[in-house]
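Colleague: Here is my input; please provide its structure:
(one chain, ligands or ions: 2)
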Amino acid sequence: MATPKTFHVKSFGCQMNVYDGERMAEAMAASGYASVASERDADVVVLNTCHIREKATEKVYSDIGRLRKGKPNQMIAVAGCVAQAEGAEIVRRAKVDVVVGPQAYHNLPRLVADAARGAPALDTNMPLLSKFGALPARRRVGPSAFLTVQEGCDKFCTYCVVPYTRGAEVSRPFDAIVEEARALVGAGAQEITLLGQNVNAWSDGDRDLGALIRVLDRVPGLSRIRYTTSHPNDMTEGLIDAHRDVESLMPFLHLPVQSGNDRILRAMNRSHTRDSYLRIIDRVRAARPDIALSGDFIVGFPGETEAEFADTLSLVDEVAHASAFSFKYSPRAGTPAATMPDQIAPEVMTERLARLQERLARDQAAFNRATVGKRCEVLVERTGKLPGQMLGKSPWLQSVLLENGPPVGTLVEVEITAAGPNSLTGVPALSAAA
Ligand code: 5AD
Ligand code: SF4
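Modeller: Ligands and ions are numbered 1, 2, ... in the order given. Purely as a prediction, here's the structure:
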């Protein structure tokens, strides 16, 4: 294979993968490879993959097939959670050139060089956190940037592959996080979203995530802080208090619940109940009354009866989430739920998901409507489709379209003038007043 010079990283799945993809690109650039915008033009395509549901995994194989057909000599590197879960199996099944797991991607440039020489190029080792020390510093980012503070999961929900693909819960050290936050601000970020599979389990000594947020609040130039994804059992008092006290902590909480029924929650090994989730929501709302709540839901977990599913619907009615993700249960090899009896028929899952999504869409539309007429700050993140149009985010993480908006990177006071199911429209407050 000729020595590759250009690369393109394509990330699937969660925000952690987006972050990892950016850092892979930085590592490749630091080793002299040039990033290209289109995968067709790249000597190396890096597929940064997701394993969470079967559909996501199958997408990887169809993508590899498509790439091979289009450009047979292109080097293909598989990174991310499918790489970790399937390892050498991917090389056998799809003849890719490089396989690199989520804890080993600091070695990607070397693996690409190895593969170009025809040497085996597979690294799915899981050394704890060593990649962060080995990655180049952050250089240029957009107004809203991700920062991984915690990785892995020890919760072992019975449906979930994450504890196997991302390993045990590990927190990055406090100093390294603050240093990266400063570097991100120096590189153009005004908003940082702290990432972790269980981000609110982050700790260093006696500091919890709330304490980290209080310190980041004082980083000059950092206007907004967010974090995702959280587990109900790690919603500490300190973190809830931070929602009350820290102005730069945005009023948004993504707190997956999965089901509203206690028997299903037990079978999922969620280690919280419907009631304990609702009580946490009450406390968070007491601390920050305007908070937008988001959640994840799974329908059709093995054994879920119609009455148990109805408990999920009633929980949705009770909480009125501002946004949510909802999924059909997808059996994953190696997880306990995959071999549980009473797997639910696909058509039952389809029908339950439709009913759930109808209510979630109703609540999201109502939340969006309630912001019409309000003023809020919008961080402008990118240009829209038409000339003059700009797109940004409200404090509640809604997309806001601004006609004749200010440039990318502006934090602008906006009056919300209209709401659709998935986004808002606004005008900068100065022109609204004029
Ligand atoms: N099937 C369906 N959804 C799943 N999730 C995790 N594992 C599965 C699975 N096997 C969902 C959960 C989780 C989100 C990231 O993905 O709702 O919170
Ligand atoms: Fe998966 Fe449960 Fe861990 Fe979330 S908390 S990553 S759903 S095992």
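Colleague: and the lengthiest helix in the chain, what does it pack onto?
Modeller: Criterion DSSP state H: the longest helix present in the chain is helix 346-370. Helix 346-370 is packed against strand 292-299, helix 306-319, strand 323-328, strand 411-419, with contacts defined by 3 or more C-beta pairs under 8 Å, 6 or more residues apart in numbering; DSSP states H and E. Glycine gets a C-beta too; all of them are placed from N, C-alpha and C.
Colleague: let's see 10 Å
Modeller: Counting contacts by 3 or more C-beta pairs under 10 Å, 6 or more residues apart in numbering; DSSP states H and E, helix 346-370 is packed against strand 292-299, helix 306-319, strand 323-328, strand 411-419, strand 423-428.
Colleague: Comparing these, which comes out most buried?
Modeller: strand 292-299 (a mean of 22; mean count of other C-beta atoms under 10 Å).
Colleague: what's the helix or strand following the longest helix of the chain in contact with?
Modeller: Downstream of helix 346-370, the first helix or strand assigned by DSSP states H and E is strand 375-383. The contact list for strand 375-383, computed with C-beta atoms under 10 Å, 6 or more residues apart in numbering, reads 142-144, 190-191, 223-224, 250-251, 290, 389-396, 398-402, 405-416, 424, 426, 428-429, 432.
Colleague: Filter those down to the buried ones.
Modeller: Buried members of the contacts of strand 375-383, scored by 16 or more other C-beta atoms under 10 Å, are 142-144, 190-191, 223-224, 250-251, 390-396, 398-402, 405, 408, 410-412, 414-416, 424, 426, 428-429.
Colleague: related to what we said a few turns ago, among the contacts of strand 375-383, which are in strands?
Modeller: In this view, these that belong to strands under DSSP state E are 144, 191, 224, 390-393, 399-402, 411-416, 424, 426, 428.
Colleague: just for the stretch 1-150 of the chain, where's the confidence low?
Modeller: For the stretch 1-150 of the chain, residues meeting the criterion pLDDT under 70 lie at 1, 129.
Colleague: Recalculate using a threshold of 90.
Modeller: Residue ranges of the stretch 1-150 of the chain with pLDDT under 90: 1-3, 72, 95, 119-120, 126-130, 133, 137-141.
Colleague: Residue numbers of it in contact with ligand 1?
Modeller: Ile52, Arg53 (C-beta under 6 Å from any ligand atom).
Colleague: Let's see that with 5 Å instead.
Modeller: For the stretch 1-150 of the chain, the contact set with ligand 1 under C-beta under 5 Å from any ligand atom comprises Arg53.
Colleague: could you pull out the strands for the stretch 1-150 of the chain?
Modeller: Ranges of strands within the stretch 1-150 of the chain are 6-11, 34-35, 44-49, 75-79, 98-100, 122-123, 144-148, 150-151, based on DSSP state E, counting those that start in this stretch.
Colleague: export these to a markdown table and tack on distance to Gly303?
Modeller: Listed next are those as a markdown table, based on distance: least, C-beta to C-beta, whole Å:
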| stretch | distance to Gly303 |
| --- | --- |
| strand 6-11 | 34 |
| strand 34-35 | 47 |
| strand 44-49 | 30 |
| strand 75-79 | 34 |
| strand 98-100 | 36 |
| strand 122-123 | 38 |
| strand 144-148 | 35 |
| strand 150-151 | 31 |
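Colleague: now the ones you listed as CSV including distance to ligand 2?
Modeller: Output for these, formatted as CSV (distance: least, C-beta to the nearest ligand atom, whole Å):
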stretch, distance to ligand 2
strand 6-11, 18
strand 34-35, 30
strand 44-49, 16
strand 75-79, 19
strand 98-100, 21
strand 122-123, 23
strand 144-148, 14
strand 150-151, 10
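Colleague: And these: which comes nearest Gly167?
Modeller: Nearest to Gly167 among those is strand 150-151 (7.2 Å), distances taken as C-beta to C-beta.
Colleague: Given the closest one, what are its sheet partners and their directions?
Modeller: In the sheet, strand 150-151 lines up against strand 170-171 (antiparallel) (DSSP bridges).
Colleague: pLDDT of the helix or strand following the partner strand, averaged?
Modeller: Going down the chain from strand 170-171, the next helix or strand is helix 174-186, by DSSP H and E. Averaged across helix 174-186, the pLDDT comes to 97.
Colleague: quick one, strands of the stretch 151-300 of the chain?
Modeller: Using DSSP E, counting those that start in this stretch, the strands of the stretch 151-300 of the chain run over residues 170-171, 191-195, 203-204, 207-208, 224-228, 252-254, 292-299.
Colleague: Out of those strands, which is closest to Ser130?
Modeller: strand 170-171 (10.8 Å).
Colleague: Contact partners for Trp202?
Modeller: Counted by C-beta under 10 Å, 6+ apart, Trp202 has contacts 149-151, 169-172, 174, 177, 194-196, 208-213, 227, 234, 239.
Colleague: In JSON lines, list the helices and strands packed on helix 346-370 along with mean pLDDT.
Modeller: What follows is the helices and strands packed on helix 346-370, written out as JSON lines (pLDDT from 0 to 100):
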{"stretch": "strand 292-299", "mean pLDDT": "98"}
{"stretch": "helix 306-319", "mean pLDDT": "98"}
{"stretch": "strand 323-328", "mean pLDDT": "98"}
{"stretch": "strand 411-419", "mean pLDDT": "97"}
{"stretch": "strand 423-428", "mean pLDDT": "96"}
